[in-house]
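Visitor: how would this look folded up:
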Amino acid sequence: MTHTVGVLGATGAVGQRLIQLLDPHPDFEIEALTASSESAGKPYRKAAKWRISTPIPDSVAEITVAETDPDAIPDVDLLFSSLPSSVGERVESDFCEAGYVVSSNSSNQRMAEDVPLVIPEVNADHLGLLEVQRDSRGWDGAMVKNPNCSTITMVPTLKALDEFGLSRVHVATLQAVSGAGYSGVTSMEIIDNAIPHIGGEEEKMESESKKLLGSFDGAELAAHDATVSASCNRIPTLDGHLENVWAEFEAGATVEDAVEAMESYQGIDLPSSPDPLIRVFEEPERPQPRLDRERENGMQICAGGLRESETGIQYNCLAHNTLRGAAGASVLNGELLAKEGYL
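Guide: Model (predicted):
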């Protein structure tokens, strides 16, 4: 069954990635695009300064961009939101009140108690929070969030290792400039440099990870009790977040145990989910952003450099931050919403 969809914030970097992924999608058909008032009323090809390496899809180029308002768009089955969080905070709830189902990449309300924060291969059952959400907010629509791009890179590997009793996580990230948006980091800031701070990123990783790894009993969500500490750094790579992880466990785990757990971790039967979900490299110098970010259409998590530390397992992980970590994550959540009958 084909579902009609729209993209909120369609002219931005993540919005463009969403269009790139949705145009050939077997189950979704784009019928609505929104942007700021400056872009509204223009055909998409004129409203968007297209920065993706593939051309603007012909089926989308002539769609007239609408205002980001529930009254300005047609009735579609699903909306994908790539709005800035400040805008999303103001308008996403309006769309849900108007009956729209929203799969959002925006950071606002990710930690709200009744908003499911979902990576389908990790915690698809958390989608059940939508029933709680609709009851508590009186919505006909619904809102699901995907987590931050740096969180998405790490959490599937932690989920695979949680069988050993995950108790503490330390992570240091090496994050690509595309994670800040096209104008987020200037060339003079980042060339020949590394920036050891990304505003709000560390707090997002620490809180979102515990929510994603938590348990849902059908009524409320209990966060995982592991301690998560993050240090986030911007480096001059274009795409692909590389992360160094130190994981501690209540039970003992060898490198062989960790490799087997990651390699055997089951994904989910959705069009955008890769098989296998996690690719583990034997080579100690892998994964690398330039070599490994595009694996499985940019949706696979890569891991490597596993070794035993004094307190647990140390390893590296990598994912494409605007595909697996943003637009692709929203599409994957949309596929889960369709599969579970929310559309």
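Visitor: given whichever helix or strand residue 168 is part of, what are its sheet partners and their directions?
Guide: Taking DSSP states H and E as the definition, residue 168 sits inside strand 166-175. Sheet pairing for strand 166-175, assigned by DSSP bridges, gives strand 227-234 (parallel), strand 241-249 (antiparallel).
Visitor: out of these, deepest packed?
Guide: strand 241-249 (a mean of 22; mean count of other C-beta atoms under 10 Å). For every residue, glycine as well, the C-beta is placed using N, CA and C.
Visitor: now for the helix or strand following that one, which elements pack on it?
Guide: For strand 241-249, the following helix or strand on the C-terminal side (DSSP H and E) is helix 255-263. Packing partners of helix 255-263 (3 or more C-beta pairs under 8 Å, 6 or more residues apart in numbering; DSSP states H and E): helix 149-161, strand 278-280, strand 301-308, strand 312-319.
Visitor: mind putting the ones you listed into JSON lines with distance to residue 133, mean neighbour count and mean pLDDT?
Guide: Below are the helices and strands packed on helix 255-263 laid out as JSON lines (distance: least, C-beta to C-beta, whole Å; neighbours: other C-beta atoms under 10 Å; pLDDT from 0 to 100):
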{"stretch": "helix 149-161", "distance to residue 133": "21", "mean neighbour count": "26", "mean pLDDT": "98"}
{"stretch": "strand 278-280", "distance to residue 133": "30", "mean neighbour count": "22", "mean pLDDT": "98"}
{"stretch": "strand 301-308", "distance to residue 133": "28", "mean neighbour count": "21", "mean pLDDT": "97"}
{"stretch": "strand 312-319", "distance to residue 133": "28", "mean neighbour count": "24", "mean pLDDT": "98"}
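Visitor: coming back round to it: could I get the buried residue list for the strand holding residue 168?
Guide: Using 16 or more other C-beta atoms under 10 Å as the test for burial, strand 166-175 gives 166, 167, 169, 170, 171, 173, 174, 175.
Visitor: hang on, the earlier thing: and the helices and strands packed on helix 255-263 as TSV, adding distance to residue 2?
Guide: Shown next, in TSV, are these (distance: least, C-beta to C-beta, whole Å):
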stretch	distance to residue 2
helix 149-161	27
strand 278-280	31
strand 301-308	29
strand 312-319	28
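Visitor: what about residue 164, how many residues nearby?
Guide: As a burial measure, residue 164 scores 20 neighbours (other C-beta atoms under 10 Å).
Visitor: quick one: it from residue 252, how far?
Guide: 8 Å (C-beta to C-beta, to the nearest Å).
Visitor: and what of residue 270?
Guide: For residue 270 relative to residue 252 (C-beta to C-beta), the value is 34 Å.
Visitor: again, but for residue 107
Guide: Separation of residue 107 from residue 252 (C-beta to C-beta): 37 Å.
Visitor: can you classify the closest residue to residue 61 other than its chain neighbours by secondary structure?
Guide: For residue 61, ignoring the flanking residues on the chain, the nearest one in space by C-beta to C-beta, 6 or more residues apart in numbering is residue 45 at 4.1 Å. Here residue 45 is recorded as helix under DSSP: H, G, I helix; E, B strand; the rest coil.
Visitor: pLDDT score assigned to residue 45?
Guide: Note on residue 45: pLDDT of 96.
Visitor: returning to what we had before: show residues contacting the strand holding residue 168.
Guide: Strand 166-175 is contacted by residues 149-150, 153-154, 158, 194, 198, 201, 205, 209, 213, 224-235, 237, 241-250, 311-312, 321 when judged by C-beta atoms under 8 Å, 6 or more residues apart in numbering.
Visitor: any low-confidence regions in this structure?
Guide: Residues of the chain meeting the criterion pLDDT under 70: none.
Visitor: any idea how it splits into domains?
Guide: Using automatic domain parsing, the domains assigned to the chain come out as 3-147+326-339, 149-320.
Visitor: can you report phi and psi for residue 15?
Guide: phi -60, psi -40 (degrees, to the nearest 10).
Visitor: residue boundaries of the helices in the chain?
Guide: 13-22, 44-47, 58-61, 85-97, 120-123, 129-137, 149-161, 187-190, 201-212, 255-263, 289-292, 295-298, 328-339 (DSSP state H).
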